[in-house]
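Trainee: Okay, sequence plus prediction incoming.
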Amino acid sequence: MKKHVNKRNLRTSIGLHTLLTVLSVLWMLPVFWLLLSSFRKEPGAYTPYLWPKGFTFDNYTRLFTDTRLFNFPRWFMNTLFVAICCCVLTTILTLMVAYVYSRLRFKSRKAIMNISLILGMFPGFMSMIAIYHFMKAIGLDQTLLALILVYSGGAALNYYIAKGFFDTIPKALDEAATLDGASKNTIFWRIILPNSKPIVVNTAINAFIAPWVDFIFVSVIMKDNYNNYTVAKGLYTMVDKANIYHYYTVFCAGSVIVAIPIVLLFIRLQKYYVAGVTGGATKG
Amino acid sequence: MKKLLSIVLALVMCCAACTAMAENITLKVWEGQDDQELLKELCEAYAALHPENTYTFQYGVVGTADASTRYLEDPAAAADVFVYPDDQLIRLVQADALYEVTRNHDAIVAANSVGSVNAATYKDTLYGYPMTSDNGYFLFYDKSVLTEEDVKTLDGILAAAEKAGKQFNFDIANGWYLASFFIGNGCTITLDDNGNQVCDFNNEKGLEAAKAVAALCAHPAFLPGDQNILTGTIGESVCAGVCGTWVADAIKERLGDNYAAVKLPTFTVNGEQVQMGSFGGCKILGVNTQSAYPVEAMNLAEFLTSEASQLRRFEVRGYGPSNINAANNEAIASDPALAALAAQSNYAITQLIIGDFWTPATAFGNALIAEPNADLQPLLDQWVAQTVGQ
Amino acid sequence: MKQLLIGMRQGDIWVKGSCLVMGLGCIKRKQIIKGFLYLAAEALFFLFFFGFGWKYLQHFLTLGENAQKRIWNESLQIYQRVPGDNSMLILLFSVLTVAVTVLFVYLWLLNLKSAVYVYRLEKEEKHIPSFSEDLRSLLDERFHVTLLSVPMTTLLLFTVLPIIFMILIAFTNFDANHQPPGNLFTWTGLQNVTDIFLGNATKTHTFTGILAWTMVWAVFATFTNYIFGMLLAIIINHKLVRLKKMWRTWFMIPIAIPQFVSLLLVSRALEPTGAINVALMELGWIETPLPFLTDVTLSRIVVIVVNMWIGIPYTMMTFSGVLMNVPEELYESAAIDGAGPVRKFVNITLPYMIFVTAPATITTFVGNINNFNVIYLLTAGGPASLDYYQAGKTDLLVTWLYKLTVDQHDYALASTIGIFIFMIVSVCSLTVYNRTGAVKKEDMFQ
């Protein structure tokens, strides 16, 4: 009997692992393709054959040495700076708002929550020009600070998941603290936040990624000031009609470099990310 | 003390005199990312030529494709002098973004090719300084597969390609290229006096042109796809394709000694050969109407588009000049791509299109690729109706 | 409000004076700092209003009358420009000025309220809160004010005002022919709305067609990801699977690559001469290339499938989290009932997962309605269609809007459509949000 079970387990196990291998190959194919292209020796966006004829590391070195036209290192540092600031600012703002909706009761709370939800559905690019002119009116146009504000400005709209998480932290904790004379401020910083590591990490990761991938807002805010470009915008200019043949493989190399910090973050913070997405409801 | 005072006084007077003459002039210039180095070089050359003023140049990266978009988002922050492709001219004029060329007008008209001046002209007014006239398209081919005789006709290319087991690439799903059949067969796409789009691609001649397109699509040696397909396959599975100077380097690299370029071929209409037309594209330097130093900006624009500057631009970037003298320069006249473009320019028209043309053109092209035997007249009617906005 | 009026009538000269000079009432009752803050706010407002806002607000009704002019300058030999009004800036900064004014009126009412309040406190010989006590209350019973102030300010500036601006544009004729600074645009009332729904059959057809596809897309995009993500998570979390963390990481790597890169790659691979067709042909599975991007049905399937490639890793992560945390007691009680693994899954795991992920699913659904990236970067809305106005068969409302604004510069039309989308989406999602158990029972678990 036991042997039978073992045999069945073995078969299931092999089946599952094969399936997973096939799926992950499917998933990794485009990534592999990107890697191949980034090491491809022949330039051009398209080759009629799949396997490159020659390999080179030049595309990567060109990114960091050939900076006369495409200043990738500078754009990388810009993006890193913006991403870190956004990460901090967005996380704080989002959690503040989520805490308010979860714990504090005041009139018009429900109304504000609903309005925020609706506002979040508005296509962002429709507001770009207006935002640009506001930034200009306060003298912030074409600065990295403006970019940080734009990316973090909508933080109040993304409270939904964090609020769900806070909702599951037992209110008894708050009440006990209140009895000990703690103010709401103390409760937020000393009790809620330390118990919310997953959601903090989750919000932070999402905020950190945004500046690496946006190329629309940054065009409008930075306009002609290419010293303040982010990598996404910089990479995007590499695949212009006029540049694409000579820069396509470099573009791929740049994308790989952009992906690396994000992948590392995912690997490192996987368990928090998982717990964060599902809200605190999973905390059993 | 007295001495000191007199020195100070002298200095002050000097300065006063200077400020009357030597102004501190800040000019912002826009060009694409890969043109920045040359732009700096030329601007500094301009400053060196005019020591009576102090110039501060600001360089912004705005490629031609984005020029009008970036401009209209905030005209006041836009460059004093910026490069735009001729197809954005009308939009910019509608927004009153461009200074008319009034200073030295006749000399500029005389110095540049007719096509490029026309491209910078709207309703009889010249709105910019022609800088290149290489933004059009023509035929690239592989000498080892096609002969000079083959490339004269579309049928010749297709037949020779098929025989050699190769293909001919043409971006049918792009209105810019697609239009060459219609223009060649005598259809018009233009603007009327009120600035409304006029297009007659659905008349009899248009139908004939569309039949030629359908025949091309049905041919086994035909390969649709954009410039990336062309640059990736020419010399291997593809022996010829239609594109512009911006891919010339890439194609030269791939074909080596077999590299050749020529004007577009003729195509067959009712058994007769008809020359394919095209849009002749130019890049133009415009002077922003919001500029604080319009006259200085105009002088700079004129300098940046002078014969010498255009020659330099060819040397460094390979751009084809609009300046007649520069174009006759030996090095330029012997450049196959630019020579082909110059030959094609006799059949090129200025692009007078205000927007609604492109999306339906792509739809039309895709429809023919998918089904070359489709009923053409209704498709043409829909395309034209969309283009003229009904 | 009535209370305030009564209080005002009863109040002394300091209270009444607060109407004109804000903060007077507070200053008199020893709330010096608070009083001066009110005063400073008033000064700032007037500075803003007369120094900046009025310049634009006065033209609000006409959106400017003087277009940019050309004057021939004989000595310079140029047509000099005399700057005119800029309708767009007038509209934009009028909105800002009105918003600031509304805020100021609110502040002014608060000022009166506190003047009356402290007047009463003094009369009743009660303790008047000091500034530090006020501050402390902002960290405690009025903590929500403190926490919300910054996010709400940015929200107002970067989201609310631009939206109001955009909504107003729908009632103007702001398009390529009325483009500042050279031209003015002006109010045209409901003309854009009647244009879309009555005047132009193609536009009406495009709107309804795209709306229908947007809904189909959102449903499929959400539920394919949901179901397959759940299955993947179940497989990875199966007790027989080794190296769980590694598998998860494999699936996460593709989404770490910026979408504009990965989707560009995929889109190129799907072309007739692209890698996928080449590979399929070399394998001998197909004879001619499949028109992935030009055939209507095929391209619609393609966007949904590619979206799975991007979306499943996220749902997989979500469900992994849920699966690892199904409360043990649920299983224990089931074990007592003698339930097998299948029944355990159907009766416990599944309902639990659906319950827990409901809010995330709704968020995803709404996100898919506005999923700009996948569509725009993959097909750019194509295949373009001759019976649509400037749109293709995979265009979502949001990508169509983008094309209308960025390519066509038809801001007025885009705004009008934007308002309709906005209404549809918000009604749908508000209904759903407020009906979800998680929202209704938000206090239940606490």
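Mentor: Great, that's in hand. None of these values were measured; they are calculated from a predicted model.
Trainee: Beta-bridge partners for B:Cys243, please?
Mentor: In this structure, B:Cys243 bridges to B:Phe138 when assessed by DSSP bridges.
Trainee: I'd assumed B:Gln227 was in contact with it.
Mentor: Yes: taking contacts as C-beta atoms under 8 Å, B:Cys243 lies within contact range of B:Gln227: 5.1 Å. C-beta: built from backbone N, CA, C; applies to glycine.
Trainee: which neighbours do those two share?
Mentor: Residues touching both B:Cys243 and B:Gln227 by C-beta atoms under 8 Å, 6 or more residues apart in numbering or on different chains: B:Asp171.
Trainee: Neighbours of residue 44, how many?
Mentor: Because you didn't say which chain, this covers chain A. By the criterion of other C-beta atoms under 10 Å in any protein chain shown, A:Gly44 has 22 neighbours.
Trainee: not quite, I wanted chain B
Mentor: 12.
Trainee: Am I right that it sits in a strand?
Mentor: No: read with DSSP: H, G, I helix; E, B strand; the rest coil, B:Glu44 is helix and lies in no strand.
Trainee: what's the distance between it and B:Pro321?
Mentor: Using C-beta to C-beta, to the nearest Å, B:Glu44 is found at 21 Å from B:Pro321.
Trainee: Could you do C:Phe131 as well?
Mentor: C:Phe131 sits at a distance of 73 Å from B:Pro321 (criterion: C-beta to C-beta).
Trainee: got it, and C:Asp175?
Mentor: As for C:Asp175, its distance to B:Pro321 is 36 Å (criterion: C-beta to C-beta).
Trainee: Between these two, tell me which one has more neighbours.
Mentor: For C:Asp175 versus B:Pro321, the count of surrounding residues by other C-beta under 10 Å is larger for B:Pro321: 28 against 18.
Trainee: Which residue is the nearest non-sequential neighbour of that one?
Mentor: Nearest non-adjacent residue to B:Pro321, counting by C-beta to C-beta, 6 or more residues apart in numbering or on different chains: B:Gln310, 3.8 Å away.
Trainee: Which helix or strand contains the one you found?
Mentor: In the assignment (DSSP states H and E), B:Gln310 maps to helix B:307-317.
Trainee: tell me what the helix or strand following that helix is packed against?
Mentor: Next helix or strand after helix B:307-317 toward the C-terminus (DSSP H and E): helix B:324-327. Contacts defined by 3 or more C-beta pairs under 8 Å, 6 or more residues apart in numbering or on different chains; DSSP states H and E place helix B:324-327 against helix B:307-317.
Trainee: residues of the helix it packs on that come out buried?
Mentor: For helix B:307-317, the buried set under the neighbour-count rule, 16 or more other C-beta atoms under 10 Å in any protein chain shown, comprises B:Glu307, B:Ser309, B:Gln310, B:Leu311, B:Arg312, B:Arg313, B:Phe314, B:Arg317.
Trainee: Likewise for stretch C:186-197?
Mentor: For stretch C:186-197, a neighbour-count test (16+ other C-beta under 10 Å) marks C:Gln191, C:Asn192, C:Val193, C:Asp195, C:Ile196 as buried.
Trainee: residues from chain B in reach of chain A?
Mentor: For chain B, the contact set with chain A under C-beta under 8 Å from any C-beta of the partner chain comprises B:28, B:30, B:32-34, B:36-37, B:60-63, B:65-66, B:70, B:73-74, B:77, B:79, B:227-229, B:231-233, B:236-237, B:246-247, B:249-250, B:253.
Trainee: Can you flag the buried ones in those residues?
Mentor: B:28, B:30, B:32-34, B:36, B:60-63, B:65-66, B:70, B:73-74, B:77, B:79, B:227-229, B:231-233, B:237, B:246-247, B:249-250, B:253.
Trainee: give me the number of residues near the nearest residue to C:Gln408 once chain neighbours are set aside?
Mentor: In space, C:Gln408 comes closest to B:Gly355 once its chain neighbours are excluded; the distance is 5.6 Å by C-beta to C-beta, 6+ apart. Residue crowding around B:Gly355 was assessed by other C-beta under 10 Å; the count is 18.
Trainee: Contacts only, for B:Gly355.
Mentor: Shown in contact with B:Gly355 (C-beta under 8 Å, 6+ apart): C:Ala176, C:Asp407, C:Gln408, C:His409.
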